[in-house]
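Participant: model the following, please.
(4 chains)
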Protein chains: 2
Amino acid sequence: MAIKKSERTRQRIVESANRLFYRQGFHNTSFTDVVAASGVPRGNIYYYFKTKDEILLAAIDYRLERIKVMLEGWSDTYRTPLERLHRFIALLDDTAEALTQFGCPMGSLNAELGKANRALQHHAAQLFALFEDWLTDQFAELGYAGRARELALRLISIGQGISMLTHVHHDADWLRSERRRLRRWLDQLAEGDESCL
Amino acid sequence: MAIKKSERTRQRIVESANRLFYRQGFHNTSFTDVVAASGVPRGNIYYYFKTKDEILLAAIDYRLERIKVMLEGWSDTYRTPLERLHRFIALLDDTAEALTQFGCPMGSLNAELGKANRALQHHAAQLFALFEDWLTDQFAELGYAGRARELALRLISIGQGISMLTHVHHDADWLRSERRRLRRWLDQLAEGDESCL
DNA sequence: GTCTATAATACGATAGAC
DNA sequence: GTCTATCGTATTATAGAC
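Facilitator: Predicted coordinates:
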């Protein structure tokens, strides 16, 4: 019972902090912001986390866990690699509004940490690794075993570029048009048309 | 003479700050950092700039000016739009090491400001606009008048994606292989092969 | 385990001598 | 126009009562 409540409090801190780190950036989010958003008093937060960096580490772990669950869910729900790859691309739609306002959660976090704290950035890079591994599996199943990772990296790279420009110009319409193009690219690839590789 | 020295001091501040903002990020760069890097005493910096935001604004203006000069130089040096577009792609090589360590200067700045200060981000978006306009001209000259801006945005988007993943993985080799791909894409486009559009 | 009060520090910004 | 000393504030972090 005591442990359960303790876990819930810790979770509230992590979720609030994670949300703020995404929307405001890590350096631009103060301890007081986390206190206000989570409703957990200052001292109590320090009971769970010694430093702000530890909160970020927990937030990254939280994201890693959620992505794992999401990808496993996709693997269970969709049978063909093509369907799964299309589900990945559909992420651009699911999160269109947030992408426009705040950019890609993975990309913006890595960009920020890459300048200030390479150790933490290295941990945040695992977020990319999860997608890369999963996409590599899908492209391999699709019949591109030899170049599966190459294609996985390319797809993520394209998604990062789209996210960046969408955020820079606050233009969700452009996001949607590029997403449509990406779907066509994938369909052509599935049909064995390698001209776009 | 007095004015000249004044201008030089101001310029030293802007250049030092700009460098730090790129390498460490804006929020992660303190006033003291700028003092140390520029060698200009604190109070003197405040003589030229009232706030830290004003320094950033000046740094963005400095970048805008440098990009303008660079693009005009390219327009003068290279006669065909294809050569000019190749020169743009070659930026990925010129700046490979910095891209790997710190990411794209335009992209990372916009990503950071987009979370903290939308007004400043809007100003930083002009950095992208310069490249977009120039690339649009080149694609139009190349014969893609109707879709020149679309192609310009796509090329920048792809470059942003490449920069992001290069930075995330600290992998300059991958950067070079993607750059080679990009060059082939451009050559095909110049030959009228629109299959990759 | 929870919460408040507060310490310690780093920051952006100012005042004023030169 | 230059530079030093310092202010006020916001920040991370701690101490200690409950």
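Participant: from now on I want contacts and neighbour counts done on CA atoms only, so please keep to that.
Facilitator: Fine.
Participant: chain B contacts on chain A?
Facilitator: Counting by CA under 8 Å from any CA of the partner chain, chain A comes close to chain B at A:23-25, A:27-28, A:101-103, A:107-108, A:110-112, A:114-116, A:121-122, A:125, A:156-162, A:164-165, A:167-169, A:195-196.
Participant: show me which of those are buried.
Facilitator: With burial judged by 16 or more other CA atoms under 10 Å in any protein chain shown, the buried subset of the residues of chain A next to chain B is A:23-25, A:27-28, A:101-103, A:107-108, A:110-112, A:114-116, A:121-122, A:125, A:156-162, A:164-165, A:167-169.
Participant: out of the residues you listed, list just those in strands.
Facilitator: When those are checked against strands using DSSP state E, none is located there.
Participant: which members of those residues occur in helices, if any?
Facilitator: A:23-24, A:101-102, A:107-108, A:110-112, A:114-116, A:121-122, A:125, A:156-162, A:164-165, A:167-169 (DSSP state H).
Participant: and the residue in chain A positioned nearest to DNA strand C, helix, strand or coil?
Facilitator: Among residues of chain A, the one nearest DNA strand C by CA to the nearest atom of the strand turns out to be A:Gly43. It sits 3.0 Å away. The local conformation at A:Gly43, judged by DSSP: H, G, I helix; E, B strand; the rest coil, is helix.
Participant: number of nearby residues for A:Leu186?
Facilitator: Other residues near A:Leu186 come to 19 when the count uses other CA atoms under 10 Å in any protein chain shown.
Participant: how about residues contacting the helix or strand hosting it?
Facilitator: Element membership of A:Leu186 [criterion: DSSP states H and E] is helix A:172-190. For helix A:172-190, the external contacting residues (CA atoms under 8 Å, 6 or more residues apart in numbering or on different chains) are A:82, A:85-86, A:89-90, A:92-93, A:96-97, A:100, A:142, A:162-163, A:166, A:194, A:196.
Participant: got a quick PyMOL command for the buried subset of those?
Facilitator: Taking 16+ other CA under 10 Å as the burial criterion, the selection of buried members of the contacts of helix A:172-190 in PyMOL is written as:
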select buried, chain A and resi 82+85+89+92+96+97+100+142+162+163+166
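Participant: ok, and the closest non-adjacent residue to A:Asn20?
Facilitator: In this structure residue A:20 is Leu, not Asn. Taking CA to CA, 6 or more residues apart in numbering or on different chains as the measure, A:Leu20 lies nearest to A:Thr29, with 6.5 Å between them; neighbours along the chain are not counted.
Participant: please report how far the one you found lies from DNA strand D.
Facilitator: Summarising the geometry, the distance separating A:Thr29 from DNA strand D, computed by CA to the nearest atom of the strand, to the nearest Å, is 6 Å.
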